[in-house]
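Colleague: let me see the structure of the following:
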Amino acid sequence: MKIFTLKNVALVLVASAAVLSSSCDSNSSSSGPVTPIGPGPDPDPEPIPVVNLGDPRADLTTDELAAFDRGRVLFVKRFMPSEGLGPLYNATSCSSCHSTPVPGGASQLYRNFYLAQYGFAPFLLSLPGLPSPVVPAFGSTNSLPFSLENGRNRIPVMLGGLPVKQDQRNGIPVFGTGLFEFITDATILANADPDDADNDGISGRANNDAAGLGRFGSKSQANNIELFTRAPLFNQMGITSNPVQGSAGTVSLGHGALMQGSATPNAPTSDSDGVPDPEISTNDLSDLIAFSRFLAPPQKKVFNDAAFRGESMFNQVGCTSCHIPSLPSSKGPVEAFTDLLIHNMGPDLAGEVSFGTPQASANDPDTTEAEWRTAPLWGISAVAPYLHDGRAPTLNEAILMHGGEGQASRDAFSALTELQRQDILEFLRHL
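Modeller: Sure thing, here's the model as predicted:
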């Protein structure tokens, strides 16, 4: 398949300062039991304000909203080599991989990108000549030449006598995910069961990055929006940056495991493309962070009878064991249908590349190749294809590909009548 994909100066803008302080009260929330599925429809419901995908959250200040608007311009901006694009890159804008159905969304299958590491776990290294495990489609280095004329070089099977591991990733949507910064570590860890102490077959565990407990990414490998913005800027586009908040922006604390890798939140990025570093100003980076941080969560559609039946059946077959309907936060309930934990999804969905340092587990290794973050389900009908590499074109197929910790629910789903399965799909289409 041919792949085309996405690539401390004092703050002087009041709006940027507002951006930087937006996640600082994340420790103020309290953990508690998950919110149960609610009752049936209100006989006299209040009108629900319309929020479209790509809109900002309604609780923003004037300065935050202004930063969001500036950030949206930067999110869709196509960077040029003269502005720092490259020397290695996968695409020219953030929206290249986050555009379905609007900026901030997911990506089509052809936008998939490759990751590669070599060596033996847990000491997995990036391929020589690359700044990270992300393998660029364009640009060149002495050791890994790429060109538009010759296409992408094949990723080797062995390198220096060591095995090379590779995976594909499909872009994931960021609608509403800034709210994950307001969910405490305690809340996430309350749902973890790395040793499957309750013997229900589900051993979800938390994952760490260099900053703290993870919330973002296909393996919950990033702790906060700043890290999750700066990394693809550099790894996918070759745009260098200095930290904005750095470690001061860490959301809560980690679970205490040693970190893998050497990256730190306070580390500037740099390259040798001839454009002075950093290639994006701190003010612009702050606004870009604001766009992702302040995107509104997807709005549920008004449920019909089938959606209400499907909601009940979704719980009955055990899907809510991982896709927890709501997590408490200092901003109120976050109804994303995720536990933000990683789960072993079986050999068919297992990848080869590991990220982060997961909780110790009697059931899973110290690396995360076979584990994936529970995908948030809000707005899921608008962001096909599904799963970490986009291999499932429909929601039905995504469910049927669940294995490992999701196998029991997948089997229960398969055993339902056709009408019951369609009700669950209708429920998902209303989230």
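Colleague: now stretch 367-386: buried residues?
Modeller: Of the residues in stretch 367-386, 367-380, 382-386 count as buried by neighbour count, 16 or more other CB atoms under 10 Å. Bear in mind the C-beta positions are built from the backbone N, C-alpha and C, glycine included.
Colleague: can you check stretch 344-360 too?
Modeller: Neighbour-count burial for stretch 344-360 [16+ other CB under 10 Å]: 344-346, 349, 351-359.
Colleague: now for these: which two are most distant?
Modeller: The span of the buried residues of stretch 344-360, defined through CB to CB, is set by Gly346 and Thr357 at 22.2 Å.
Colleague: follow-up on the earlier one: out of the buried residues of stretch 344-360, who's nearest Phe303?
Modeller: Among the buried residues of stretch 344-360, and counting by CB to CB, the member closest to Phe303 is Met345, at 28.5 Å.
Colleague: wait, the closest one sits on Arg410?
Modeller: No. Look at Met345 against Arg410 with CB atoms under 8 Å: they stay out of range, at 9.9 Å.
Colleague: overlap in contacts of those two?
Modeller: Contact with both Met345 and Arg410 is made by residues 402-403, according to CB atoms under 8 Å, 6 or more residues apart in numbering.
Colleague: would you map the strands across this structure?
Modeller: Under the criterion DSSP state E, the chain contains strands at 88-89, 113-118, 125-126, 134-135, 138-139, 158-159, 162-169, 207-208, 342-344, 357-358, 371-373.
Colleague: by mean pLDDT, show me the worst of those.
Modeller: When those are ranked by mean pLDDT, strand 138-139 comes last with a mean of 82.
Colleague: quick one: that strand to chain centroid distance?
Modeller: Centroid separation between strand 138-139 and its chain, computed with CA atoms, centre = their mean, to the nearest Å, is 25 Å.
Colleague: what residues are up against Pro81?
Modeller: By CB under 8 Å, 6+ apart, the neighbours of Pro81 are 273, 275.
Colleague: let me know the pLDDT of it.
Modeller: In this model, Pro81 carries a pLDDT of 94.
Colleague: and Pro45, by the same measure?
Modeller: For Pro45, pLDDT reads 55.
Colleague: about what we covered before: include distance to Pro243 when you put the buried residues of stretch 344-360 into TSV, please.
Modeller: Compiled in TSV, the buried residues of stretch 344-360 are given as follows (distance: CB to CB, whole Å):
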residue	distance to Pro243
Asn344	34
Met345	34
Gly346	38
Leu349	34
Gly351	29
Glu352	31
Val353	25
Ser354	25
Phe355	20
Gly356	20
Thr357	21
Pro358	25
Gln359	27
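Colleague: give the full set of residues in contact with Met401.
Modeller: 348-349, 387, 391-392, 410.
Colleague: and of those, the nearest to Ile399?
Modeller: The closest of the contacts of Met401, once distances to Ile399 are taken by CB to CB, is Arg410, at 6.3 Å.
Colleague: neighbours around Pro156, how many?
Modeller: 14 (other CB atoms under 10 Å).
Colleague: what is the burial count for the closest residue to it other than its chain neighbours?
Modeller: Leaving aside its sequence neighbours, Pro156 sits nearest to Val164 (CB to CB, 6 or more residues apart in numbering; 5.4 Å). For Val164, the count of nearby residues is 16 (other CB under 10 Å).
Colleague: wait, isn't Val164 in contact with Tyr118?
Modeller: Yes. Using CB under 8 Å, Val164 makes contact with Tyr118 at a distance of 4.5 Å.
Colleague: now do the shared contacts for the two.
Modeller: Common neighbours of Val164 and Tyr118 (CB under 8 Å, 6+ apart) are Leu127.
Colleague: was I right about Gly139 contacting Leu88?
Modeller: Yes. At 3.9 Å, Gly139 counts as touching Leu88 under the criterion of CB under 8 Å.
Colleague: who's more crowded, those two?
Modeller: For Gly139 versus Leu88, neighbours defined as other CB under 10 Å are more numerous around Leu88 (27 against 20).
Colleague: distance check, that one against Leu60.
Modeller: Between Leu88 and Leu60 the computed distance is 35 Å (CB to CB, to the nearest Å).
Colleague: over to Thr394?
Modeller: Using CB to CB, we find Thr394 at a distance of 35 Å from Leu60.
Colleague: I am finished for the moment; much appreciated.
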